[in-house]
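Engineer: got a predicted model here, sequence first, then my questions.
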Amino acid sequence: MKTTFLLLLILITTTAVAQRKQSIPNPMMDYDAFLAGATNVGDLRQQRRITEDRFSQMAADPVTIILDARSNEKFQLLHVKNAKHLSLPDMTAGELAKIIPAKNTRVLIYCNNNFRNEPEAFPAKVAAAPLNIYTFNCLHSYGYTNVYELGPLIDIAATKLALEGTRLRKQ
């Protein structure tokens, strides 16, 4: 009985693994590579999360690119002054190259989950799915090596960062 149960368990496990590997083929989608990339970049991302003051200092360097990957609608409402916009769904090698001159250019990123008390322009995402995580991983996947992420949650009324956009004109 034990042997039969063990064989059945092995058969079920082997079948499940084989079914995962036999998923619908598409050479343009590689989930295992995505997981490996996300795992590999995790420690680097943690080291590259910076304070608001450090973000401001780095942003003052004229060769630094501030990248906003939110939707165009949210970007137009309110964004960090001088930020370049490229919505995450539009990120391709060609589009990134138009905005970021070289793979080693310093890039600063921020997202909705960096700002509170401005739900129209910066609607919060769940903690496991903020845009910064996807943007950092995406840039790393495309070979960008000098990416930094705004780390803290900042009250929009108390931020030291200069902001611009149509939302400022409404107030």
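Structural biologist: Now that the structure is in, tell me what you want to look at. Numbers count the residues shown, from 1 in each chain.

Engineer: the residue nearest the centre of the chain and I109, how far apart?
Structural biologist: What sits nearest the mean C-alpha location of the chain, by Cα atoms, centre = their mean, is T135, with 2.2 Å. Distance from T135 to I109, counting by Cβ to Cβ, to the nearest Å: 5 Å. Where you see a C-beta, it was placed from the backbone N, CA and C, and this is true even at glycine.

Engineer: again, but for R167
Structural biologist: 20 Å.

Engineer: and the two? Which one has more around it.
Structural biologist: Shown here are R167 and I109; by other Cβ atoms under 10 Å, I109 has more neighbours (24 against 18).

Engineer: can you give me phi and psi for the more buried one?
Structural biologist: phi -120, psi 160 (degrees, to the nearest 10).

Engineer: hang on, isn't it packed against E149?
Structural biologist: Yes. Using Cβ atoms under 8 Å, I109 is in contact with E149, at 5.2 Å.

Engineer: identify the contacts common to the two.
Structural biologist: N132, F136 (Cβ atoms under 8 Å, 6 or more residues apart in numbering).
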